[in-house]
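In: here is my input; please provide its structure:
(one chain, ligands or ions: 1)
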Amino acid sequence: MVEKIEIMQQLYKRTDIIWQELCQIHPRLAEHKQPEILLNNRLYRTAGRAWQEDGIVELGTKFLLHSNKYRGIMLQVILPHELAHIADYMLWGESEKSCGHGKNWQMLMLQLGLEPDPYHTMDLKKC
Ligand SMILES: [Zn+2]
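Out: This next block holds a predicted model:
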């Protein structure tokens, strides 16, 4: 079993890398505070969510601890997905907020080399 602290370190490292990449492409982002990453023990159906106005990404602890495979998806897919939501809001504001996975969000995902797929639900059997 991987320690929670180790997972947090991996998350922070990955967040730094993704955010620096986004800041290089969109220098205006550097004027904002880098988003904060929080773990949430009570997220069961959603692997992650973004609080755009607060610049906070919440990730479900359960998904991170579930397995290596799930942790990989969290780091490689869910984390950038949520960070792109925050970057979207910082760069373009309210206009993109209502639809969430709009054109700008999709562009950010493509710039990160990722599929702009709005669906990222991971099925977790009760365990
Ligand atoms: Zn989303």
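In: so which residues of the protein form helices?
Out: Here the chain has its helices, by DSSP state H, at 4-25, 61-66, 68-73, 79-92, 94-97, 103-111.
In: which elements pack onto the first one?
Out: Right, the one you point to is helix 4-25. On a contact count with 3 or more Cβ pairs under 8 Å, 6 or more residues apart in numbering; DSSP states H and E, helix 4-25 meets strand 36-40, helix 61-66, helix 79-92, helix 103-111. Heads up, the C-betas are built off the backbone N, CA and C, glycines and all.
In: how about that helix, which residues are buried there?
Out: By neighbour count with 16 or more other Cβ atoms under 10 Å, helix 4-25 contains the buried residues 7, 10-11, 14-15, 18-19, 22-23.
In: next one: the last one
Out: Neighbour-count burial for helix 103-111 flags 104-106, 108-109, 111 (criterion: 16+ other Cβ under 10 Å).
In: what about stretch 72-81, distance to the chain center?
Out: 6 Å (Cα atoms, centre = their mean, to the nearest Å).
In: quick check, pLDDT for the spatially closest residue to residue 16 that is not a sequence neighbour.
Out: The shortest distance from residue 16 to any non-neighbouring residue, by Cβ to Cβ, 6 or more residues apart in numbering, is to residue 34 (7.7 Å). For residue 34, the pLDDT comes out at 98.
In: which secondary element of the protein has the worst mean pLDDT?
Out: helix 94-97 (a mean of 60; mean pLDDT, DSSP states H and E).
In: shaky segments in the chain?
Out: 1-2, 95-99, 120-127 (pLDDT under 70).
In: switch to 80 and redo it
Out: Within the chain, the ranges that satisfy pLDDT under 80 run 1-2, 94-99, 119-127.
In: CSV for the helices of the chain, including distance to residue 38?
Out: Output for these, formatted as CSV (distance: least, Cβ to Cβ, whole Å):
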stretch, distance to residue 38
helix 4-25, 10
helix 61-66, 10
helix 68-73, 16
helix 79-92, 11
helix 94-97, 20
helix 103-111, 21
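In: what's the end-to-end length of stretch 61-79?
Out: End-to-end distance for stretch 61-79: 13 Å, by Cα to Cα, to the nearest Å.
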